[in-house]
Structure formats: structure tokens, C-alpha cells
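*Asks:* prediction below, plus the sequence it came from.
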Amino acid sequence: MSKYTPNGLLIKQIHDCLEKKSNNALRSRDLTMMQVSVLLELQTAPEKRLSMKELERHFQIAQSTVAGIISRLEQKGFVEALGDATDKRIKLVHITTAGENCCKDAEGLMDEAEETMHRGFSKEDRDTLNALLAKVLENLQ
């Protein structure tokens, strides 16, 4: 009989493994999974821009962490950070064309990771897993 592993630990181990594999795949492009996640979020945002505060809330990370991510993405030419025209206290982050092109490349890597993760799963299994994980997240928020 196999030993029971708590679901929370399994989720953490899965996340850590995905992050490690993703970061290794992205290293040759001088990117991290978190940087790509920010780019993908910006790409789907209205007008392809979000405030730093919105990014903090979405990713549940500190302001200083968002600032560091955005600074590195700016250096690479993937985003522009500008003051809001109506409120200079608000800093808006806008994805550039280079950032959008980067997203296209990264989506392929993410699709590969998803396929690897779901190897041996039926469509119904994938849908069930997704629904259960969404419910877990909902319960925790």
C-alpha cells in the first residue's frame, strides 16, 4: 500500500517541477516563467496594459517583486512602463511588439509542458482535473 501524500504537498511539488522545467527551457532566451506569465497577462489585458498594482494583485506578489520583473522586461524591450496621463501615481505597463512576439514563442513551450503533464490522461480526465483544481483555488480565495 502506498503512503498518502497530502494534496497541498503534491500541488507544491507539481508547481516546483513545472517552474524548474519551464525556467530551464526559457534560460536560453534569458527569461523566467514569471516574466513570461506577466507578458501573457499583459497580452490579453484591455489595451494590452495593466497597472503595476493590478499585476501585484493578479500574481499575489509584492510591489518590489513586480517592479523588478518589469524592470528586467523593460531592459529586454518587451514592455514599457509609463505614468498614467490622469494620475501620475499610477504606473502602467504596456507590452511591446517584441513582447508579443516573445509570447508566441513561449506559448509553444507552455503547450509542451501541458502535454507532458497530461500524458496518459483522457480528455475527460483533463477536464475533471481542471475543474477540481479550479474549485480548490476558489475554496482558498
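*Replies:* Noted; the coordinates are in hand.
*Asks:* just give me how far stretch 2-21 sits from the chain centre.
*Replies:* 18 Å (CA atoms, centre = their mean, to the nearest Å).
*Asks:* now it: buried residues?
*Replies:* 18, 21 (16 or more other CB atoms under 10 Å). Quick note: C-beta positions are derived from backbone N, CA and C, even for glycine.
*Asks:* now do it, average pLDDT.
*Replies:* The pLDDT scores in stretch 2-21 average 90.
*Asks:* can you name the next helix or strand after the one helix or strand in the chain whose mean pLDDT sits lowest?
*Replies:* Least confident element among the helices and strands of the chain, by mean pLDDT, DSSP states H and E: helix 97-117 (a mean of 87). Going down the chain from helix 97-117, the next helix or strand is helix 123-140, by DSSP states H and E.
*Asks:* against which helices or strands is that next one packed?
*Replies:* If contacts are counted by 3 or more CB pairs under 8 Å, 6 or more residues apart in numbering; DSSP states H and E, helix 123-140 sits against no helix or strand.
*Asks:* how far off centre is the least confident helix or strand of the chain?
*Replies:* From the chain centre to the centre of helix 97-117 is a distance of 11 Å (CA atoms, centre = their mean).
*Asks:* buried residues in that helix?
*Replies:* Buried residues in helix 97-117 (16+ other CB under 10 Å): 99, 102-103, 106, 109-110, 113.
*Asks:* turn these into a markdown table, columns for distance to residue 43.
*Replies:* Converted to a markdown table, the buried residues of helix 97-117 look like this (distance: CB to CB, whole Å):
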| residue | distance to residue 43 |
| --- | --- |
| 99 | 7 |
| 102 | 9 |
| 103 | 5 |
| 106 | 10 |
| 109 | 15 |
| 110 | 13 |
| 113 | 18 |
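*Asks:* skipping its backbone neighbours, what lies nearest the most centrally placed residue in the chain in space?
*Replies:* Among the residues of the chain, the one closest to the centroid is residue 37, at 2.5 Å (CA atoms, centre = their mean). Using CB to CB, 6 or more residues apart in numbering and skipping residues adjacent in sequence, the residue nearest residue 37 is residue 59, 7.1 Å away.
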